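Colleague: structure for this input, please:
(one chain, ligands or ions: 1)
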Amino acid sequence: MSNTETKEESQVSQTSNNQPLLVVGTVAVDSVKTPFGEREQCFGGSASYFSYCSSFFTPVQLCAVVGDDFPEEYRNVLQERDINLNGLEVNKEGKTFRWEGKYEADLNSAITLDTHLNVLLDFDPKVQVNDSLEYLFLANFDPDLQLKVIEQVDKPKLKLTALDTMNFWIESKKESLLNVLKHVDMIVLNDGETRLLTGETNLIKGAKKIREFGPGIVVIKKGEHGVLLFFEDQYFALPAFPLEDVFDPTGAGDTFAGGMMGYLTKVGEVTADTLKQAIAYGTIMASFTVEKFSLDRLRELDQKQIQERFELFRKITNF
Ligand code: AMP
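Modeller: Purely as a prediction, here's the structure:
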């Protein structure tokens, strides 16, 4: 929690599992190189970025696994936002998931140099389901594990189950991914992943095909070119927030999803209107993330900065 924020604004209670938003994904050690610098061993992971961002909107609980090497200082980062970490398992027999990536001139596409699944290989996620759980986000990780999570929740009781994925899983576990897609209401993925998953070059055709796989709501992120939403018979498009300095795009997708799901959980209903607002909040949260390495920029954020940028975004996209 930043110094300017009150405990109430943080909105989160640490002691119980009665949080309406649950995220399952990776908590990682990353090594990232961009045209503007390099960071060896920094805090990352799809569930880390997601939970940090969504906690600005709603109480959130995280389910993930780390190894015996997981730095205490990373755990402290998540605790700054009072994220419920009861579901963060420590596997003392293994090492934390690691990802090494780089960005070249095209900052929209991460190039994976190495992925060490480590403790993810033996992970058997056990989610703590309670009556207040309404929103579930399956952040980018193994689709077989995403399915194991879905099998543990009472889907009819949930208001929304959403999922993210990436080329790594589309290429290595496509059948599993197609299977899990039958059980989710919404998918968030980028333009390249849409093309890889569907074989369609055109994103509208790609979105239609994905909806046939299962999720009725499809959100396609296009990096600096914004986002497309497909919902029932409607389309919606938003640009990215225009930024002069993009430093490290890592986590942009996860924090987009964190802002979007955090907002939907806060308002408590999924309609065309709330989805559009949610996508705008996702865009704003991602725009902060890319301004610094790792979660550094997010750790300086407060509600006022989020709201100010949101209002400015509304102004520059309204005509
Ligand atoms: P993004 O929001 O797409 O930039 O996600 C960046 C985060 O995804 C990094 O912090 C990585 O630790 C994490 N990541 C990279 N590869 C994978 C993978 N195969 N499965 C799950 N998480 C990953």
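Colleague: okay, residue 16: pLDDT?
Modeller: Note for residue 16: predicted pLDDT of 49.
Colleague: burial measure for residue 149, as a count.
Modeller: Residue 149 has 23 neighbours, counted by other C-beta atoms under 10 Å. (C-beta placed from N, C-alpha, C; glycine too.)
Colleague: excluding its backbone neighbours, what's nearest it?
Modeller: Excluding the flanking residues, the one nearest residue 149 by C-beta to C-beta, 6 or more residues apart in numbering is residue 24, at 5.0 Å.
Colleague: check residue 166 too.
Modeller: Once flanking residues are discounted, residue 166 sits nearest to residue 140: 5.1 Å by C-beta to C-beta, 6+ apart.
Colleague: the one you found against residue 25, yeah?
Modeller: Yes: contact criterion C-beta atoms under 8 Å: residue 140 and residue 25 qualify, at 6.1 Å.
Colleague: find the residues that touch each one of those two.
Modeller: 46, 164, 254 (C-beta atoms under 8 Å, 6 or more residues apart in numbering).
Colleague: and the residue nearest to residue 149, how close does it get to the ligand?
Modeller: 11 Å (C-beta to the nearest ligand atom, to the nearest Å).
Colleague: thought that residue was touching residue 129?
Modeller: No: between residue 24 and residue 129 there is no contact under C-beta under 8 Å: 11.6 Å.
Colleague: quick one, which of those two is more surrounded?
Modeller: residue 24 (27 against 16).
Colleague: the most centrally placed residue in the chain: which element?
Modeller: For the chain, the residue sitting closest to the mean C-alpha position, by C-alpha atoms, centre = their mean, is residue 254 at 2.7 Å. Taking DSSP states H and E as the criterion, residue 254 maps to helix 252-267.
Colleague: tilt between the helix or strand following that helix and helix 252-267?
Modeller: Using DSSP H and E, the helix or strand that follows helix 252-267 towards the C-terminus is helix 272-289. Here the directions of helix 272-289 and helix 252-267 differ by 140 degrees (axes from the mean of the first three to the mean of the last three C-alpha atoms, to 10 degrees).
Colleague: which SS state does whichever residue of the stretch 101-250 of the chain sits closest to the ligand fall under?
Modeller: Closest residue of the stretch 101-250 of the chain to the ligand, C-beta to the nearest ligand atom: residue 168 (3.8 Å). State at residue 168, reduced to three classes by DSSP: H, G, I helix; E, B strand; the rest coil: helix.
Colleague: kindly tell me how buried it is, as a neighbour count.
Modeller: Neighbours of residue 168 (other C-beta under 10 Å): 16.
Colleague: read off the pLDDT value for it.
Modeller: pLDDT for residue 168: 96.
Colleague: hang on, isn't it packed against residue 114?
Modeller: No: using C-beta under 8 Å, residue 168 is not in contact with residue 114, being 11.0 Å away.
Colleague: quick one: low-confidence parts of the stretch 1-150 of the chain?
Modeller: 1-18 (pLDDT under 70).
Colleague: please redo it, this time with the cut-off set to 80
Modeller: 1-19 (pLDDT under 80).
Colleague: helices of that one, start to end?
Modeller: Here the stretch 1-150 of the chain has its helices, by DSSP state H, counting those that start in this stretch, at 7-10, 46-54, 72-80, 143-152.
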